[in-house]
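Colleague: got a sequence here, can you build the structure:
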Amino acid sequence: MVQGLFFETVHDGSYSYRRLNRAAINDLRSAPAAGGDEEVAHALIDLLIDDLPEDPQHDGLMDNSETGAVIRCLKTVLRRLGIEFEVPFHDKQGYYSFRMEHENDLSTDLTRVFAPGRAALERREQATFTGGLRGLRGELRNLIFAATQKPEIVWRDVAGGVIEITKNKDHCLLYDRPVGAAGLTWSELVRWWQLKDGMYGMPEQRRLQALLTRLRGALNTPEQLLLDSYWNFAMQRGFDDLPALLPQVYLHYDPLAKHQRSRRVEGKVLARQRMDFLMLAPGGRRYVLELDGKDHYSRDGKPAPDLYVDMVREDRRLRLQGYEVYRFGGAEFVDSLSAKIMLSGFFHQLLAS
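Modeller: Here you go, the predicted model:
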């Protein structure tokens, strides 16, 4: 779903403002979108959740009639997909009345209001999914990345593979949409980012900078250099259609802390919970990029063969599961200029293969 389809910029002399693109909304009601109605439905739900405020004094970007138009459009799109879902209000004023009638009731939480529609979309996507990337067990989904603090995760639907982050949710990002055969591109990630964070009125360059800043916030200095180098590489080559580079991606999840895992009778079950970087490329190719400091092969300044064994054992397991692992030594990043040249050549060869 292209962001520009939802809103348009109106210029009035020296003043400009953003408003709902009513013509585009009407077009979505009259015919399926080129990118698929499933994504349109998700985007419309995201728009309503972001734009319907808890405080009536903050009206959001849409007025009462525009909110009504979006709700009607959502119903039409869902109906085309064979999904019957009734929104319990018809416009913005109806939403305020709905909240007042159910005061102190969790049912007014917009995430809960639209949950049945989301669930129906997920069931439909799972039933029709073909040819996309697959994870270690089944379809690749629930990409938890850019974590600055370890999240606490519970299974909301074990059979359906649906998870929920119950702690430190604000300290990580969760990409929960199916990844197709084309991989996860920067354009798809940016589209998800702007919908998740309600940045409808923000200029494109500011949105991109906000995404880069958020991704960099989970990284140390050498890792930031790697991310920045690929970001610049992508920008010079069209950006949108190139695979996105996700930092600090959870591969496994263990609720226990590291010192607790070390006391297990069974031993260290999960050797590596996070990848430094993950790139989901076309054709189902999955590239893992690891940047190794001294802690990967030494302990207290002395060689630690057991750490090295754990690392290469996990690499073998990842390769057998279809991941391609590329390692960089920390010493390669001491000189930033040399590192940028090296990384540019690496990404050129990687994506040309």
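
Colleague: on the C-terminal side of the lowest-mean-pLDDT helix or strand in the chain, identify the next helix or strand.
Modeller: Among the helices and strands of the chain, helix 258-261 carries the lowest confidence by mean pLDDT, DSSP states H and E, at a mean of 47. Remark: after helix 258-261, the chain's next helix or strand is strand 274-281, criterion DSSP states H and E.

Colleague: same for that following strand, what does it pack against?
Modeller: helix 221-235, strand 245-250, strand 285-292 (3 or more CB pairs under 8 Å, 6 or more residues apart in numbering; DSSP states H and E). Every residue, glycine included, has its C-beta placed from N, CA and C.

Colleague: and those, which is most packed in?
Modeller: Across the helices and strands packed on strand 274-281, averaging neighbours per residue (mean count of other CB atoms under 10 Å) puts strand 245-250 on top, at a mean of 22.

Colleague: among the helices and strands packed on strand 274-281, which is nearest L195?
Modeller: strand 245-250 (17.2 Å; CB to CB).

Colleague: could you pull out the helices for the stretch 101-250 of the chain?
Modeller: 110-113, 115-128, 186-196, 204-216, 221-235 (DSSP state H, counting those that start in this stretch).

Colleague: sketch out the low-pLDDT regions of the stretch 151-300 of the chain for me.
Modeller: The stretch 151-300 of the chain contains residues with pLDDT under 70 at 154-166, 196-201, 252-272, 295-298.

Colleague: got the domain ranges for the protein?
Modeller: Using automatic domain parsing, the domain parsing of the chain gives 1-128, 133-353.

Colleague: for the shortest one, what is the average pLDDT?
Modeller: In this model, domain 1-128 has an average pLDDT of 82.

Colleague: so R216 makes contact with D228?
Modeller: Yes - the pair R216 / D228 is scored as a contact, 7.5 Å apart, by CB atoms under 8 Å.

Colleague: need the helices of the stretch 101-250 of the chain in JSON lines (columns: distance to A147).
Modeller: Output for the helices of the stretch 101-250 of the chain, formatted as JSON lines (distance: least, CB to CB, whole Å):
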{"stretch": "helix 110-113", "distance to A147": "21"}
{"stretch": "helix 115-128", "distance to A147": "23"}
{"stretch": "helix 186-196", "distance to A147": "16"}
{"stretch": "helix 204-216", "distance to A147": "11"}
{"stretch": "helix 221-235", "distance to A147": "13"}
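
Colleague: looking at these, which is buried most?
Modeller: It is helix 186-196: most buried of the helices of the stretch 101-250 of the chain by mean count of other CB under 10 Å, with a mean of 20.

Colleague: mind saving the C-alpha coords of it as CSV?
Modeller: Only the C-alpha atoms of helix 186-196 are listed here, as CSV (Å, rounded to 0.1, in the frame of the first residue of the first chain):
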residue,chain,number,x,y,z
TRP,A,186,13.4,-1.5,2.0
SER,A,187,10.1,-0.2,0.5
GLU,A,188,8.1,-2.9,2.4
LEU,A,189,9.9,-2.1,5.6
VAL,A,190,9.4,1.6,5.2
ARG,A,191,5.7,1.0,4.4
TRP,A,192,5.3,-1.1,7.6
TRP,A,193,7.2,1.5,9.6
GLN,A,194,5.1,4.5,8.6
LEU,A,195,1.9,2.6,9.2
LYS,A,196,3.0,1.3,12.6
